[in-house]
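1. when you get a sec, could you give me coordinates for this:
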Amino acid sequence: MRIPLPTGLRESDRLEEPIFTPSTKAEIGTHDENISFEQMVSILGQEAAEELRRLSLDIYSARADHAATRGIIIADTKFEFGVIDGRTTLVDEVLTPTPPVLAGRRVRTRSRPALLRQAVRPRLA
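-> Next comes the predicted model:
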């Protein structure tokens with residue numbers, strides 16, 4: 001599944017809008033499977049899929065903006081939601097990076113090592 005990106009992007013350039021890329025929870029020991037939003041709708045229904053997309057983008061945007069004030073770029077992350085007592089609930093994997101997804105913003109045109117969560121936490125506090 002390819003997502004078109006603007007031409008001329010350099011590594012660590014911020015996209016105008018974040019991209020929502022849903023996935024399904026895999027069986028134990030296998031990787032989660034990326035799915036299209038349309039597949040997500042067919043699994044969960046339109047209303048639930050739209051709610052999860054909105055929640056994911058809202059949480060990401062707020063945290064990415066906060067991280068940027070600390071010199072950190074959150075380039076990719078994941079959230080895991082569940083339903084508890086009939087309510088959509090963020091249950092696990094909150095802003096969990098998939099290396100290399102966190103990077104300092106000083107150098108923008110070459111690869112940088114990912115920052116481990118343990119090293120990043122004090123900068124976000």
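2. and the pLDDT at the residue of the chain positioned farthest from its centre?
-> No residue in the chain sits farther from the centre than Asp85, which is 25.4 Å out by CA atoms, centre = their mean. For Asp85, the model assigns a pLDDT of 93.
3. and Arg53, that one's in a helix?
-> Yes: the assignment for Arg53, made by DSSP: H, G, I helix; E, B strand; the rest coil, places it in a helix.
4. which ones are touching it?
-> Going by CB atoms under 8 Å, 6 or more residues apart in numbering, Arg53 touches Phe20, Pro22, Phe37. Any C-beta I mention is one placed from the backbone N, CA and C, and that applies to glycine too.
5. and if you look at Ile3?
-> Residues counted as contacts of Ile3 (CB under 8 Å, 6+ apart) are Ile19, Thr21.
6. show me what the strand ranked longest in the chain is packed against.
-> Determined from DSSP state E, the single longest strand within the chain is strand 87-96. Counting contacts by 3 or more CB pairs under 8 Å, 6 or more residues apart in numbering; DSSP states H and E, strand 87-96 packs against helix 46-68, strand 78-84.
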